[in-house]
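Trainee: my questions are about this predicted structure, shown below with the sequence.
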Amino acid sequence: MSGNADIYHEMIVDYSRNPINYGEIENPDVTFHDANPLCGDSIDIDMKIDENKVTDIKFHGRGCAICMACSSVLTEITKGKTLDDVRAIQKNDVLGELGLEHLQAVRIKCALLSLKVLKSALYTYIGKNIDNSEDANKLKEEAANLY
């Protein structure tokens, strides 16, 4: 392994053994669950949202080292951001933090499960708080084009 690959490998192992923001939030404003049945990854994300900003976020569940590491990184990226900033998070924002931009296709679902759960939670929260049907339709279209 090259020097950078070693560093990223160590980061993935460390995040999987000592995940950041792991746990549950009591009385979250939104929670969402999804799983990847092919490999057994299963993630829940809880969020507290105040004044259009993610004030707290935690995840819990089980998963492979890549899934747990990406979930940790994603919660770090998300905490403190506005809902619009969270909507703008892309897969390479997460993958790039761990040097996984060229991850094998078989492992990409592991890496992106938490992003899928985060976006689903976000759209669930926003959907409950939308006042007009035009905004709801835009939100549905955005969600449909995620993956």
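Mentor: Structure's in. What do you need?

Trainee: which helices and strands sit right next to the longest helix along the chain?
Mentor: Assignment by DSSP state H gives helix 105-128 as the longest helix of the chain. Under the contact criterion of 3 or more C-beta pairs under 8 Å, 6 or more residues apart in numbering; DSSP states H and E, helix 105-128 touches strand 30-36, strand 41-50, helix 65-78, helix 83-87, helix 91-97, helix 133-144. All C-beta atoms are positioned from the backbone trio N, CA, C, and that covers glycine.

Trainee: the same query, at a cut-off of 6 Å, please.
Mentor: Under the contact definition 3 or more C-beta pairs under 6 Å, 6 or more residues apart in numbering; DSSP states H and E, helix 105-128 sits against strand 30-36, strand 41-50, helix 65-78.

Trainee: what comes up buried for stretch 78-93?
Mentor: 78-79, 81, 83, 86, 89, 91 (16 or more other C-beta atoms under 10 Å).

Trainee: save these as CSV, and put in pLDDT too.
Mentor: What follows is the buried residues of stretch 78-93, written out as CSV (pLDDT from 0 to 100):
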residue, pLDDT
78, 97
79, 97
81, 97
83, 94
86, 95
89, 94
91, 92
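
Trainee: tell me the one of the residues you listed nearest residue 18?
Mentor: Closest approach to residue 18 among the buried residues of stretch 78-93 (C-beta to C-beta): residue 79, at 16.9 Å.

Trainee: that closest one - nearest residue in space that isn't next to it in sequence?
Mentor: residue 57 (5.3 Å; C-beta to C-beta, 6 or more residues apart in numbering).

Trainee: next, count neighbours for that neighbour.
Mentor: Close neighbours of residue 57, defined as other C-beta atoms under 10 Å, add up to 25.
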